[in-house]
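> With the sequence up front, the predicted model follows.
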Amino acid sequence: MPAMSFGRRTQKPLLDRLRDMVWPRMGWGRALRYRGRQLMRISGSPHAIAAGAAAGIFAAFSPLFGFHYIIAATLAFILGGSILASAAVTTLANPLTMPMFWAASYEVGTLFLPGSPHFSATALIEQHSWSALEPFIAPLMLGSVVLGGGLALAVYFPVRRLIAMRHQRKQART
């Protein structure tokens, strides 16, 4: 068995790992700080890490569940960003946060597409067909692009600056 730094001697049971993905045992604040520190330790240029983080946040808002990592990695590759950084940030999209992301995306999408129907979960459950879902797809997709793009820009510049400052401090120590 290869030696791992900071690894567990025995692997957690599957149910515990799944529960920790949805609701971290250490709490959300600590989990987010951990992700931030993990992002700061990724090697690469400030642009690469920031572009990867921006790609990850953009993909996290996508309603295409199951394709977040593919979207993030592809976008990071196109932007010259870190695929590892994009994957680290994409983990913000999990079963607990996705309904909030989708609701916010839908609401933003309806601002740009007037006349969009009011979302009714009961109507969707009663009709249980794809045709009942069609009127909601366009506002959801548009809203996710607007929110994801806006947050990607809002994340890129601070992350780039923080990474650049970390690199400067690291060079000053050596």
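Yes, it's here. Residues are numbered from 1 along each chain as shown.
> Who are the packing partners of the longest helix seen in the chain?
As assigned by DSSP state H, the longest helix anywhere in the chain is helix 130-173. If you count contacts as 3 or more Cβ pairs under 8 Å, 6 or more residues apart in numbering; DSSP states H and E, helix 130-173 packs onto helix 28-40, helix 46-60, helix 98-112, helix 121-127. Where C-beta positions appear, they are placed from N, C-alpha and C, glycine not excepted.
> average pLDDT for that helix?
The average pLDDT for helix 130-173 rounds to 87.
> ok, how many other residues are close to residue 157?
11 (other Cβ atoms under 10 Å).
> do the same with the one 5 residues further on
Applying other Cβ under 10 Å, we find 16 other residues in the vicinity of residue 162.
> now residue 150
As a measure of burial, residue 150 has 14 neighbours, counting by other Cβ under 10 Å.
> And residue 171, by the same measure?
8.
> now do residue 51
Around residue 51 there are 26 residues (other Cβ under 10 Å).
> same thing with residue 174?
Residue 174: 4 neighbours (other Cβ under 10 Å).
> what about it, distance to residue 160?
22 Å (Cβ to Cβ, to the nearest Å).
> ok, now residue 169?
Taking Cβ to Cβ, one finds residue 169 at 15 Å from residue 160.
> In terms of neighbours, single out the busier of those two.
residue 160 (19 against 9).
> who touches the residue nearest to that one when sequence neighbours are not counted in this structure?
In space, and not counting its chain neighbours, residue 160 is closest to residue 50: 3.6 Å by Cβ to Cβ, 6 or more residues apart in numbering. Neighbouring residues of residue 50 by Cβ atoms under 8 Å, 6 or more residues apart in numbering: 81, 85, 155, 156, 157, 159, 160, 163.
> Fine by me, thanks again.
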